[in-house]
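# Mind looking at a prediction? Sequence and model below.
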Amino acid sequence: MTQHDSKYVLAIDQGTTSTRAIVFDHNGSIVSTGQLEHRQLFPRAGWVEHDPEEIWRNAREVVALALSRASLNADNLAAVGITNQRETTVVWDRKTGEPVYNAIVWQDTRTSAICRELAGDEGADRFKDICGLPLATYFCGPKVKWILDNVHGARERAEAGDLALGTIDSWLMWHLTGGTDGGVHVTDVTNASRTMLMDLKSLQWDESVAEAMGIPLSMLPEIRSSAEEYGVGRKGGFLTNVPLAGILGDQQAATFGQACFEVGTAKNTYGTGCFLILNTGNEIVRSENGLLTTLCYQIGDSDPVYALEGSIAVAGSLVQWLRDNLNLFSDTSQVESLARGVEDNGGAYIVPAFSGLFAPHWRDDARGAIVGLTRFVNSGHLARAALEATAYQTREVVEAMQADSGTDLAELKVDGGMTANELLMQFQADQLGVPVIRPKVIETTALGAAYAAGIAVGFWSEQDVVDNWAEGRRWDPEMPDEERERLFRQWNKAVERTLDWVDEDTN
């Protein structure tokens, strides 16, 4: 396809806490943005929900904001890409467009009993050979089963073909392309690979897993590549007739935006949680060390590219917890200055197992703990311990990745909001013993979705993505090895204290 006359690509970045629309120019630079937070709903301990209608309203509003701030309209856009919080699951009525229940968020742990029941005698890895994932509350399949089992009339409506299910990309794409009036029901390989329902080899829904979970195949979206034209914006919307041409789950989008196209390249995104992805090329690498085997991306008809992923449930949300629940500061940006007020963690460690521990432990019976407390410990030490927790958890995942892939990490590309915290970035380099590199554009998640859409319509090439990437800041390790290992040894002792906390009669 020829170079596009339209000068810009728009990305809709639907995250765990907010929805953003960002307009990018051909250099991959940000032209304008719009952003709105949505409510976090906690009906019970361990339950986390979002209102899908609120997310759809916010998506329309942020698109309008981003376009109006740059004095642009649909005619100026070559394409639109979507990136989304993964695993968060919506079930809705095809005829009315109404969700049958709130979106169940990836952090939600209500499906732990369902996961144990599905595991049965075969254990948590029952479906791992098919989908690359252990049975865990994190993924979509058990969430859909919960909705069908617990929402009155949902199973009957599903079996009658009236209900659709999807991750947030599918929910937005369906609405953007017309909703009840001819909306396109699709997802891409990266999001499909997080449902537990897709066969990693065939990139198709697996009937045996869907049947085991009691999910009618009629509910599922069509699986497509991450970069192709899925449809165009609905008439009368802000994106009328603009090609909707890229979908990537948020962590894969960040990997794409960081130009991690070579086998062995890795990035870590520091957001609500932390997500480290290593490109394994066209090879499916099975993890022996608690990592997930997942899709990295697929461009059009090209062969799929796979990845190993380490998912950490709590990173930035621990800093929010210090702000909202402990009132240690009023703005999350203040955590760094508070932590810099002390020389070290004072012997205190925080293990933020608020919803169990994700990679590489996969323990939903763990709960958060602050250990090593003495009268000496103050709020500065707690702030520092919170930042260090993110770096220790990342090191655990990196070591698991090195064991699985047989290669040592030479450097770590980083992105996400927490990379603005220089104390954390230096400590991360110290814990890993390799340089940590932040790109000039740290909005790599939205950028990756934009690149996928732009590649699909000929606005960019893969080489453009590589050429546009530029190093913004680098942190080299400075800590003596002895101190690095002492701190990590204490961290591992702290993790042990969090295990086996939840009994059947506790939350």
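Noted; the coordinates are in hand.
# what is the mean pLDDT for the longest helix along the chain?
Criterion DSSP state H: the longest helix present in the chain is helix 379-405. For helix 379-405, mean pLDDT is 94.
# swap in stretch 217-224?
pLDDT averaged over stretch 217-224 gives 97.
# residue ranges for the strands of the stretch 351-500 of the chain, please.
Under the criterion DSSP state E, counting those that start in this stretch, strands of the stretch 351-500 of the chain are mapped to 369-371, 412-415, 436-439, 471-475.
# Find the residue ranges of the stretch 151-300 of the chain scoring beneath the pLDDT cut-off.
Counting by pLDDT under 70, not a single residue of the stretch 151-300 of the chain qualifies.
# Quick one: closest of the strands of the stretch 351-500 of the chain to Leu244.
strand 412-415 (24.2 Å; Cβ to Cβ). For every residue, glycine as well, the C-beta is placed using N, CA and C.
# Show me what counts as buried in that closest one.
Buried residues in strand 412-415, counted by 16 or more other Cβ atoms under 10 Å: 412-415.
# Report the two of those separated the most.
Leu412 and Asp415 (10.6 Å).
# In stretch 140-157, which residues are buried?
140-148, 151, 154-155, 157.
# So which of the residues you listed sit within helices?
Taking DSSP H as the definition of helices, the buried residues of stretch 140-157 contribute 140-148, 154-155, 157.
# of all those residues, which comes closest to Ala259?
The closest of these to Ala259 turns out to be Cys140 (Cβ to Cβ; 28.5 Å).
# Can you tell me the closest non-neighbouring residue to that closest one?
The shortest distance from Cys140 to any non-neighbouring residue, by Cβ to Cβ, 6 or more residues apart in numbering, is to Thr195 (4.1 Å).
# next one: Met196
Leaving out its chain neighbours, the residue that sits closest to Met196 by Cβ to Cβ, 6+ apart is Gly141, at 3.9 Å.
# Please give me every residue in contact with Gln320.
Taking Cβ atoms under 8 Å, 6 or more residues apart in numbering, we find Gln320 in contact with Thr332.
# how about a cut-off of 10 Å?
By Cβ atoms under 10 Å, 6 or more residues apart in numbering, the residues touching Gln320 are 17, 40, 272, 314, 332, 335.
# Please identify which pair of those lies farthest apart.
Spatial extent of those (Cβ to Cβ) is set by the pair Gln40 and Val335 at 19.5 Å.
# which one of these two has more residues nearby?
Between Gln40 and Val335, counted using other Cβ atoms under 10 Å, Val335 has the larger neighbour count: 27 against 14.
# SS state for the more buried one?
For Val335, the assignment made with DSSP: H, G, I helix; E, B strand; the rest coil gives helix.
# Let me know the distance separating it from Gly273.
Counting by Cβ to Cβ, to the nearest Å, the gap from Val335 to Gly273 is 17 Å.
# what do you get for Leu447?
20 Å.
# you'd agree Gly166 is up against Val91?
Yes. Gly166 is within contact range of Val91, at 8.2 Å (criterion: Cβ atoms under 10 Å).
# what do these two both touch?
52, 103, 144, 219.
# now the residue nearest to the last one when sequence neighbours are not counted, what's its secondary structure?
Right, Met219. Setting aside the residues directly before and after it, Met219 is nearest to Leu165 in space (Cβ to Cβ, 6+ apart), at 4.4 Å. Secondary structure for Leu165, judged by three-state DSSP, is strand.
# Residue numbering should commence at 33 henceforth.
Renumbered: residue one is now 33, and that last one reads Leu197.
# Pull the number of nearby residues for Leu197.
Count around Leu197 with other Cβ under 10 Å applied: 28.
# quick one, what contacts it?
Contacts of Leu197 (Cβ under 10 Å, 6+ apart): 121-124, 132, 172-173, 175-176, 179-180, 190, 203, 217, 219, 227, 229, 247-248, 250-253.
# are any of those buried, and which?
Applying 16+ other Cβ under 10 Å to the contacts of Leu197 flags 121-124, 132, 172-173, 175-176, 179-180, 190, 203, 217, 219, 227, 229, 247-248, 251-253 as buried.
# For whichever helix or strand Glu86 is part of, name the packing helices and strands.
Glu86 is located in helix 84-101, with elements delineated by DSSP states H and E. Helices and strands touching helix 84-101, by 3 or more Cβ pairs under 10 Å, 6 or more residues apart in numbering; DSSP states H and E, are strand 40-46, strand 50-56, strand 62-69, strand 109-116, strand 121-125, strand 135-136, helix 200-208.
# so the first one versus strand 50-56, what angle?
What that stands for is strand 40-46. Relative orientation of strand 40-46 and strand 50-56, computed by axes from the mean of the first three to the mean of the last three Cα atoms, to 10 degrees: 170 degrees.
# Same question for the last one.
Inter-element angle recorded for helix 200-208 and strand 50-56: 70 degrees (by the same axes, to 10 degrees).
# Okay, buried residues for helix 200-208 please.
Buried residues in helix 200-208, counted by 16+ other Cβ under 10 Å: 200-208.
# Tell me the spacing between Ser362 and Ser369.
According to Cβ to Cβ, Ser362 stands 12 Å off from Ser369.
# Roughly how far does Asp231 sit from Ile331?
From Asp231 to Ile331 the distance is 20 Å (Cβ to Cβ).
# err, Asp499, not the other one
Distance of Asp499 to Ile331, given as Cβ to Cβ: 17 Å.
# Which of those two has more residues huddled nearby?
Shown here are Asp499 and Ile331; by other Cβ under 10 Å, Ile331 has more neighbours (20 against 13).
# so the more buried one touches Ser258, yeah?
Yes. Counting by Cβ under 10 Å, Ile331 does reach Ser258; the two are 6.6 Å apart.
# Please enumerate the shared neighbours of those two.
278, 288, 337, 484, 487-488.
# Go through those and flag which are in helices.
In helices, judged by DSSP H, the following of those are found: 288, 484, 487-488.
# For stretch 377-386, buried residues please.
Neighbour-count burial for stretch 377-386, counted by 16+ other Cβ under 10 Å, picks out 377-378, 380-386.
# Gly269: what's it in contact with?
By Cβ under 10 Å, 6+ apart, Gly269 lies in contact with 92, 95-96, 106, 207-211.
# And it, how close does it get to Leu99?
Taken as Cβ to Cβ, the span from Gly269 to Leu99 is 11 Å.
# mind checking how far Ala186 is from Val123?
Separation of Ala186 from Val123 (Cβ to Cβ): 7 Å.
# who touches both of those two?
132-133, 176, 179-180, 195.
# Now do the buried residues in stretch 216-229.
Under 16+ other Cβ under 10 Å, the buried positions of stretch 216-229 are 216-229.
# Do me a favour and get the end-to-end distance for it?
The first residue of stretch 216-229 is 20 Å away from its last residue (Cα to Cα, to the nearest Å).
# How about stretch 195-211?
End-to-end distance for stretch 195-211, by Cα to Cα: 13 Å.
# Also stretch 258-267?
With Cα to Cα as the measure, stretch 258-267 spans 24 Å from end to end.
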